[in-house]
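[1] next comes the sequence, and after it the predicted model I'd like to discuss.
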Amino acid sequence: MDVVLGVDIGGSGMKAAPVDVTTGELLAERMRIPTPQGAEPDAVLDVLGQLMRHFDYQGTVGVTFPGIVQGGRTLSAANVSEQWVGMDADTFMTQGLGDDFDVHLLNDADAAGLAEARFGAAQGVQGTVLVVTLGTGIGSALLMDGQLVPNTELGHLFLQSRSGKARHAESWASARVREDKGLSYEEWGGRVSRYLNHLELLFSPTLFVVGGGVSKKADKWLPYVQLERSRVVPAALKNEAGIVGAAMYAAQQRPSLGEG
Ligand code: BGC
């Protein structure tokens, strides 16, 4: 068994669990602590420390971040503090937790994509797969024959309304918008359909996997999503995908000691 702790930093909660990265299984019930108001780096690091203590864990840690992550640096912050932008967050967390830890960070939707491709709804699917997460924001993971193309940020596309108005996809079709605007599942499902149709036009994926908390209630809105050519299915790992993908990624990044 190869165990790595996975942590998912979400808009409302930070969730963690030890993961067997060879099977994708969580080895203990996941622990959730509310994301600190404003999600500033110091406060997030503090919660990370609490999660490590809860599991009495030391070692390699995979952490998702809801923004662009390149070479361990956090380069955007749509739904968290601006202080993250340009930070070497990987080093900040590794040093902040102390010598017994080795933290590896990746984008949250990319983590979900890795997990769905290996253990979930996109397992064994060849060709282009788009994993789209609908939550506080909209995240995307582009996979080709199971290989991830990181940081695609397709939630920030603009769609044109019938009257020609530009609509920011995330601000129009995220799960948060449905709640904030009190949209019915039919109305919101129509928006998701419009958004996925545009992605279908651009990428012609074989399969769309839709994740985020709403994937648990897919029967309510998926019937309103109509696509010409692509199949669309809810994420199989539901909201565990981020934790599993983070752990998988960190396992790949660690020095090759004990691999295989
Ligand atoms: C961010 C993405 C993230 C998504 C879901 C967007 O606002 O730009 O990086 O994957 O939200 O959290």
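    Cool, got the structure. Numbers count the residues shown, from 1 in each chain.

[2] use CA for all of it now, contacts and neighbours both
    OK.

[3] so which residues make contact with stretch 246-260?
    If you take C-alpha atoms under 8 Å, 6 or more residues apart in numbering as the criterion, stretch 246-260 is touched by 4-8, 19, 21, 60-64, 103-106, 108, 111, 114-115.

[4] mind doing that once more with 7 Å?
    4-7, 19, 21, 60-64, 104, 106, 111 (C-alpha atoms under 7 Å, 6 or more residues apart in numbering).

[5] quick check, nearest of the residues you listed to residue 81?
    Among the contacts of stretch 246-260, residue 64 lies closest to residue 81 (C-alpha to C-alpha), at 15.0 Å.

[6] most neighbours among the contacts of stretch 246-260, which one?
    Among the contacts of stretch 246-260, residue 6 has the most neighbours (other C-alpha atoms under 10 Å), with 33 neighbours.

[7] residues contacting it?
    16-19, 61-63, 243-244, 246-247.

[8] do the helix or strand containing it and the ligand meet at all?
    If you go by DSSP states H and E, residue 6 is part of strand 3-9. No: using C-alpha under 6 Å from any ligand atom, strand 3-9 stays clear of the ligand, coming no nearer than 8.7 Å.

[9] in this structure, which helix is the longest?
    For the chain, the longest helix by residue count, based on DSSP state H, is helix 185-203.

[10] in it, which residues are buried?
    By neighbour count on 16 or more other C-alpha atoms under 10 Å, the buried set for helix 185-203 is 185, 188-200.

[11] list the buried residues in the following helix or strand past that helix.
    Downstream of helix 185-203, the first helix or strand assigned by DSSP H and E is strand 207-211. Going by neighbour count (16+ other C-alpha under 10 Å), the buried part of strand 207-211 is 207-211.

[12] can you tell me which of the residues you listed is nearest residue 43?
    Closest approach to residue 43 among these (C-alpha to C-alpha): residue 211, at 26.9 Å.

[13] how much space between that closest one and residue 70?
    According to C-alpha to C-alpha, to the nearest Å, residue 211 stands 23 Å off from residue 70.

[14] try residue 240
    23 Å.

[15] more neighbours, those two?
    Using other C-alpha under 10 Å, the more surrounded residue of residue 240 and residue 70 is residue 240, with 25 against 16.

[16] now do the SS call for the more buried one.
    Secondary structure, DSSP: H, G, I helix; E, B strand; the rest coil: residue 240 is helix.

[17] interface residues of the chain facing the ligand?
    Residues of the chain that fall close to the ligand, judged by C-alpha under 6 Å from any ligand atom: 66-68, 78-79, 107-109, 137-139, 153.
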